[in-house]
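*Asks:* based on what follows, work out the 3D shape:
(chains A and B)
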Amino acid sequence: MILSTMDAPTGYRIVRHLGLVQGSTVRSKHLGRDIMAGLKELVGGELRGYTELLNEAREEATIRMRAAASELGANAVLSIRYGTANIGNGAAEVLAYGTAVELMAEQP
Amino acid sequence: MNWIDRLPPGMEWLGYLINFEKMAWADDFWLAGVMLVALFNSGFILAGAWLERRHDRRLATMDAATAGVLLLTGKPPPGYTGIPTLVRTEVVMAGPPLGRISARIRSLIGGRVVTRVRDVERARREAMLRLREQAVALGAPVLAGVEYSHLGMGTGRVAVLATATALVPVTPMTAMPTMAPQAPPVPESRGVVSPRSRWEVAAALAILLGLALIADQTDNWTGIVFDRVIGRIDKQGKEPPPAPVPPPAPAATP
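*Replies:* Just a heads-up that it's a prediction; the model follows:
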């Protein structure tokens, strides 16, 4: 399945529009990672625990959106956007949404 | 005489709360406390400055293949084709401790909080660098439709999320096209705030260690301050003369 942030990828023709698809999730890390991130914050630098948290949350939202698209019979999701909100301490809510379409490669 | 000396019996502990001179160990306690705080903070400041400098070096030295990836917002110009592949990256960073201190001082005065600008820029450039690295790993020379979003994660933390579409060529490329053998400055590094100077770190350390040294060299410094506040000693550090004893009242004549 083709996933893209663009509206119309060059070299492809949109055969059918199948509508909006989305996937969302809320994830958090365990207490130990929160504490270690708090300790790392004392010296500054990257907080890898929270980077991982956001990565996993976006991954999961993408997988759910992709599942919704394949249920509709799409072979691509275009104009993908991510909405991220921070709920309280150390939990990430992610919403991924896009337009499910059926693409066909253009013959050159 | 002050109210501390006039506390009723059984209530002297109230005076101990603020009259540090009454505690025999008070000076050592405060000295140790000040030294501990100074040494601890200077350690964190040094470690944070080192980490920041290391990260700046990582952002500055980019190999030619990574720098050769073209980043575009919106759709690519005609001629750029390939299989669209979603790439995304996340960076959560905390600012260095010295930056937190200077941001707090800056927010009292107002104006551009340059240390926060540095933090956000570093997180953004790190996210861009990771996007470029992912594009190189996929063999894609172009990243189209790049989008960022910033996200606050508590105070002092900044999260940058970046999403893009890599155009992976149908026939795999053996070598990435590069702009120059020596990697030129990448576009997103232009116009950024210069990194924190070593002098700023050195000045902060000097202030902290100087405070500790003053605390060490000043004999009974808390006692002097608090005694002056409550009026037990005057400005020259001497005890005020005792109040004249009122003459005894003449005995009443019968």
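
*Asks:* close to chain B: what parts of chain A are there?
*Replies:* Chain A comes close to chain B at residues A:2-11, A:40-47, A:50-51, A:53-55, A:58, A:62, A:80-82, A:84, A:86, A:89, as judged by CB under 8 Å from any CB of the partner chain. Yep, even glycine has a C-beta here, placed from its N, CA and C like the rest.

*Asks:* flag the shaky bits of chain A, pLDDT-wise.
*Replies:* A:87-89, A:108 (pLDDT under 70).

*Asks:* on the three-state scheme, the residue lying closest to residue B:144 once chain neighbours are set aside is what?
*Replies:* Leaving out its chain neighbours, the residue that sits closest to residue B:144 by CB to CB, 6 or more residues apart in numbering or on different chains is residue B:76, at 4.3 Å. Here residue B:76 is coil, with the state taken from DSSP: H, G, I helix; E, B strand; the rest coil.

*Asks:* ok, longest helix in chain A?
*Replies:* Looking across chain A with DSSP state H, the single longest helix is helix A:48-71.

*Asks:* tell me the angle of the helix or strand following that helix relative to helix A:48-71?
*Replies:* Toward the C-terminal end, the helix or strand that comes next after helix A:48-71 (DSSP states H and E) is strand A:76-87. With axes from the mean of the first three to the mean of the last three CA atoms, to 10 degrees as the basis, strand A:76-87 and helix A:48-71 are set at 140 degrees to each other.

*Asks:* show me which residues of strand A:76-87 are buried.
*Replies:* A:76-78, A:80, A:82, A:84, A:86 (16 or more other CB atoms under 10 Å in any protein chain shown).

*Asks:* so what touches the helix or strand residue A:25 falls within?
*Replies:* Taking DSSP H and E as the criterion, residue A:25 maps to strand A:12-28. The contact list for strand A:12-28 (CB atoms under 8 Å, 6 or more residues apart in numbering or on different chains) reads A:2, A:8, A:53, A:56-57, A:60-69, A:72-74, A:76-78, A:87, A:90-106.

*Asks:* go ahead and confirm residue A:75 touches residue A:4.
*Replies:* No: contact criterion CB atoms under 8 Å: residue A:75 and residue A:4 do not qualify, at 12.0 Å.

*Asks:* neighbour count: the two, which is higher?
*Replies:* residue A:4 (27 against 16; other CB atoms under 10 Å in any protein chain shown).

*Asks:* ok, and the closest non-adjacent residue to that one?
*Replies:* Nearest to residue A:4 is residue B:84, by CB to CB, 6+ apart, at 3.8 Å.

*Asks:* tell me the helix or strand right after the strand holding residue A:25.
*Replies:* helix A:31-43.

*Asks:* tell me the angle of that next one relative to strand A:12-28?
*Replies:* Using the same axes, to 10 degrees: helix A:31-43 against strand A:12-28 is 90 degrees.

*Asks:* in helix A:31-43, what's buried?
*Replies:* For helix A:31-43, the neighbour count (16+ other CB under 10 Å) marks A:33-34, A:37, A:40-43 as buried.

*Asks:* residues contacting residue B:83?
*Replies:* A:2, B:167-170.

*Asks:* out of those, who's the most crowded?
*Replies:* residue B:167 (27 neighbours).

*Asks:* quick check: phi and psi on that one?
*Replies:* phi -100, psi 100 (degrees, to the nearest 10).

*Asks:* tell me how many other residues surround the residue nearest to it when sequence neighbours are not counted.
*Replies:* Among residues not flanking residue B:167 along the chain, residue B:82 sits closest, at 3.3 Å (CB to CB, 6+ apart). Residues lying near residue B:82 (other CB under 10 Å) number 22.

*Asks:* residues touching residue B:82, list them.
*Replies:* A:11, B:140, B:142, B:166-170.

*Asks:* show me where the stretch 101-250 of chain B has strands.
*Replies:* For the stretch 101-250 of chain B, the strands defined by DSSP state E, counting those that start in this stretch cover B:142-152, B:157-168.

*Asks:* next to chain A, which bits of the stretch 151-254 of chain B? Give me the list.
*Replies:* Going by CB under 8 Å from any CB, the residues of the stretch 151-254 of chain B near chain A are B:151-154, B:156-157, B:159, B:161, B:163-165.

*Asks:* export the strands of the stretch 101-250 of chain B to JSON lines and tack on distance to residue B:196?
*Replies:* Formatted as JSON lines, the strands of the stretch 101-250 of chain B follow (distance: least, CB to CB, whole Å):
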{"stretch": "strand B:142-152", "distance to residue B:196": "21"}
{"stretch": "strand B:157-168", "distance to residue B:196": "16"}
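
*Asks:* please identify the deepest-packed of those.
*Replies:* strand B:157-168 (a mean of 24; mean count of other CB atoms under 10 Å in any protein chain shown).

*Asks:* quick one: strands adjacent to it?
*Replies:* strand B:83-94 (antiparallel), strand B:142-152 (antiparallel) (DSSP bridges).

*Asks:* what sits up against the shortest one?
*Replies:* Going back to what we said before, that points to strand B:142-152. By CB under 8 Å, 6+ apart, strand B:142-152 touches A:4-6, A:81-82, A:84, A:86, B:69-76, B:80, B:82, B:84, B:87, B:120, B:124, B:127, B:131-132, B:135, B:158-167.

*Asks:* could you rerun that using 6 Å?
*Replies:* Applying CB atoms under 6 Å, 6 or more residues apart in numbering or on different chains, the contact partners of strand B:142-152 are A:5-6, A:84, B:70-73, B:76, B:80, B:135, B:159-167.

*Asks:* packing partners for the helix or strand harbouring residue A:102?
*Replies:* Using DSSP H and E, residue A:102 falls within strand A:91-105. Applying 3 or more CB pairs under 6 Å, 6 or more residues apart in numbering or on different chains; DSSP states H and E, one finds that strand A:91-105 makes contact with strand A:12-28, helix A:48-71, strand A:76-87.
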